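>>> here's my sequence, what's the structure:
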Amino acid sequence: MSLTRRALVGVMLCMPVLTHAGTDADDVMRCMKRNVVEQGALRALEVTTTDSSGKSSTLALNMYWQGEGDEARVTLQVSEPESLAGSAYLIQENGDEADDLFVYLPAVGKVRQIGGAARGEDLWGTTFSYEDFKLVQGLLVDGAARKLADATVADRPVHVLETALGSIDSTFSRVLAYVDKESCTILKGEFFDREGKSLKLLEGDLSLLFETADAKDRTVWVLLGYTMKDLRSGTRSLVELGDIHLMKESPAVLFESDGFFKTP
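Model prediction:
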């Protein structure tokens, strides 16, 4: 899916509020498109996962990305805990084709391409799969999107976009994304299986939605916290997003399948 239908959470340009009656899915996605950071960028993430018994673990990652028209790249590198340090994940967009996904585990020492049902597997002991993590980044999952009736999330007006995954390899049949009308950030996501049962729930922490300014003094919105709940197991993961650091030059190897696991 191209970047005309995606956006990265974190650099949220304050665009005109989309409230007119004729607003459709393309309008919402264009608003989100304007939030995309085209140059290379880095931000730190911390994910704390708590299971149904109350046991918790914390994962620290660095996320790198760069926009290249219809072929954006996103790389996740684990820095903590020590047992997982050096693990990495690469997402490569392919225009209107399905994303290419690669994973690297230091213990194996090899890059593996991800396909089929494995695309929906949770990453590194969290409740986030590749598909889930894309919503945290503000990316719509692959599939055909349409706009449903407007709704509210915590008293904030939102657009509701439904993405049907169709024949795409996925654990889910459809995903609902609740997009804030004021900031064009995703405030909530719902993931459904092939029988229509809700499997996971993504919720943004509205106390961490801030209006600020970027390096060019443009007004931006930043949403710095999300919780993903696995409704089957009772496990939940809290992801806290750090500041965005723009990179003057992004090492190309960071976004290639033969080097995305290397420290820049």
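>>> show me where pLDDT drops low in the stretch 101-250 of the chain?
116-117, 131, 134, 136-143, 166-170, 213-220 (pLDDT under 70).
>>> what about the strands in it?
For the stretch 101-250 of the chain, applying DSSP state E, counting those that start in this stretch gives strands covering 110-114, 144-153, 156-164, 174-180, 186-192, 198-204, 209-213, 219-223, 225-230, 236-246.
>>> next, the buried residues of the second one.
Under the neighbour-count criterion of 16 or more other Cβ atoms under 10 Å, strand 144-153 has Ala145, Lys147, Val153 buried. Yep, even glycine has a C-beta here, placed from its N, CA and C like the rest.
>>> each with direction, which strands does that strand pair with?
strand 156-164 (antiparallel) (DSSP bridges).
>>> equivalent analysis for the longest one, please.
Taking DSSP bridges as the criterion, strand 236-246 sits next to strand 41-50 (antiparallel), strand 225-230 (antiparallel) in its sheet.
>>> and the host helix or strand of Gln77, which strands flank it?
Per DSSP states H and E, Gln77 falls inside strand 73-80. Using DSSP bridges, the strands paired with strand 73-80 are strand 56-66 (antiparallel), strand 88-94 (antiparallel).
>>> so who does Arg156 touch?
With contact taken as Cβ atoms under 8 Å, 6 or more residues apart in numbering, Arg156 is in contact with Asp180, Lys181, Glu182, Leu187, Leu206.
>>> just to revisit the earlier point, most tightly packed of the strands paired with strand 236-246?
strand 225-230 (a mean of 20; mean count of other Cβ atoms under 10 Å).
>>> circling back: I'd like the strands paired with strand 236-246 laid out as a markdown table, including distance to Met29.
As requested, the strands paired with strand 236-246 are exported to a markdown table (distance: least, Cβ to Cβ, whole Å):
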| stretch | distance to Met29 |
| --- | --- |
| strand 41-50 | 21 |
| strand 225-230 | 20 |
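>>> fine, thanks again, bye for now.
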